[in-house]
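# here you go, sequence then predicted model.
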Amino acid sequence: MEENIFFETQNWFAKLMKDQLYFGRCVVVLKRKCGDLADLTQAEIIDFLNVVKKIEMLFRKTFGATMFNWSCLMNNAYQEDEPKPHVHWHFRPRYDEVVEFAGVTFKDPNFGHHYLRGQENEHIVSDKILKLIKLKLQENL
């Protein structure tokens with residue numbers, strides 16, 4: 001959903017995910033069609049590094065994130081009959097303490113270890129909560 005985009009540059013946009021097992025989980029997506037990291041331009045790579053700095057600073061400042069996990073997997077594209085991979089990065093802020101936000105308690109279930117997979121559907125938040133997260137982040141941009 002376009003309304004979940006909270007930050008963008010010339011080449012990338014950052015969009016909150018409905019799954020908030022990791023509070024603030026989002027995806028950073030390349031705006032142009034590109035299916036391989038090796039095909040990124042130098043400008044896109046430099047811009048991405050600036051996005052990393054900006055988003056990590058933003059989550060530290062806004063919610064007190066302790067550390068961050070970034071992953072670029074693109075495996076799901078190859079489950080399709082005609083794979084169409086698209087360069088994107090999953091971003092999971094990690095917290096060593098419980099975060100209370102908008103009446104919801106978020107606890108990092110495995111802090112200090114690899115992020116958990118397979119429990120995403122158990123941690124879907126409402127569009128209202130996503131909007132509040134987005135607004136809070138944008139206040140600190």
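Happy to help now that I have it.
# which SSE is whatever residue is furthest in space from the centre of the chain in?
Of all residues in the chain, residue 81 has its C-alpha farthest from the mean position, at 26.8 Å, by CA atoms, centre = their mean. Under the criterion DSSP states H and E, no helix or strand holds residue 81.
# equivalent analysis for residue 48, please.
Using DSSP H and E, residue 48 sits in helix 42-63.
# C-terminal to that helix, what's the next element?
Taking DSSP H and E, what comes next after helix 42-63 is strand 67-71.
# one step back: the residue farthest from the centre of the chain and residue 104: what is the separation?
39 Å (CB to CB, to the nearest Å). In this view, the C-beta of every residue, glycine as well, is placed from N, C-alpha and C.
# and the pLDDT at the closest residue to residue 87 other than its chain neighbours?
Excluding the flanking residues, the one nearest residue 87 by CB to CB, 6 or more residues apart in numbering is residue 30, at 4.4 Å. With respect to pLDDT, residue 30 scores 98.
# what does residue 114 give?
Taking residue 114 on its own, its pLDDT is 89.
# which SS class is it?
coil (DSSP: H, G, I helix; E, B strand; the rest coil).
# also residue 7?
Applying three-state DSSP: residue 7 is strand.
# if you skip the residues just before and after it, what's nearest to it?
Nearest to residue 7 is residue 14, by CB to CB, 6+ apart, at 4.4 Å.
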